[in-house]
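J.: Build me a structure from this.
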Amino acid sequence: MWLLQLLQDASSFVDHLGNWELVLWCLTLSVFLMRYVTLGTSINKKYRNFSVLITEQVTLTMRQSVSLSVSVIMLQYCPTL
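T.: Numbering: from 1, shown residues only. Got it, this is the predicted structure:
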């Protein structure tokens, strides 16, 4: 119903600055969401294989434990840090 009114009175829709701002926000949000969806799709394709996912989790856990160990050692020898 409101779309029919908008199409009949299109000249007044174009004349209002707030409507142009709304259109610009919608386009910007659409581009952001499209990028978000494509990024999610590529991540989903990469980690679809279960063994790759397990390998990545093990690697991340090992990196975190090494980082924590280095931090503890640095605090033992340099307590002023």
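J.: Mind checking the pLDDT average for the helix ranked longest in the chain?
T.: What stands out as the longest helix in the chain, according to DSSP state H, is helix 17-46. Averaged across helix 17-46, pLDDT comes to 90.
J.: Tell me the first helix or strand C-terminal of that helix.
T.: The C-terminal neighbour of helix 17-46 among helices and strands, as given by DSSP states H and E, is helix 50-77.
J.: Dump stretch 62-75 to PDB, restricted to CA.
T.: This file holds the C-alpha atoms of stretch 62-75, laid out as PDB (Å, rounded to 0.1, in the frame of the first residue of the first chain):
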ATOM      1  CA  MET A  62      50.100 -24.600  21.400                       C
ATOM      2  CA  ARG A  63      50.700 -21.000  20.500                       C
ATOM      3  CA  GLN A  64      48.800 -19.800  23.500                       C
ATOM      4  CA  SER A  65      50.600 -22.100  25.900                       C
ATOM      5  CA  VAL A  66      54.000 -21.000  24.500                       C
ATOM      6  CA  SER A  67      53.000 -17.300  24.800                       C
ATOM      7  CA  LEU A  68      51.900 -17.900  28.400                       C
ATOM      8  CA  SER A  69      55.100 -19.700  29.300                       C
ATOM      9  CA  VAL A  70      57.200 -16.800  27.900                       C
ATOM     10  CA  SER A  71      55.200 -14.300  29.800                       C
ATOM     11  CA  VAL A  72      55.700 -16.200  33.100                       C
ATOM     12  CA  ILE A  73      59.400 -16.600  32.500                       C
ATOM     13  CA  MET A  74      59.700 -12.800  31.700                       C
ATOM     14  CA  LEU A  75      57.900 -12.000  35.000                       C
END
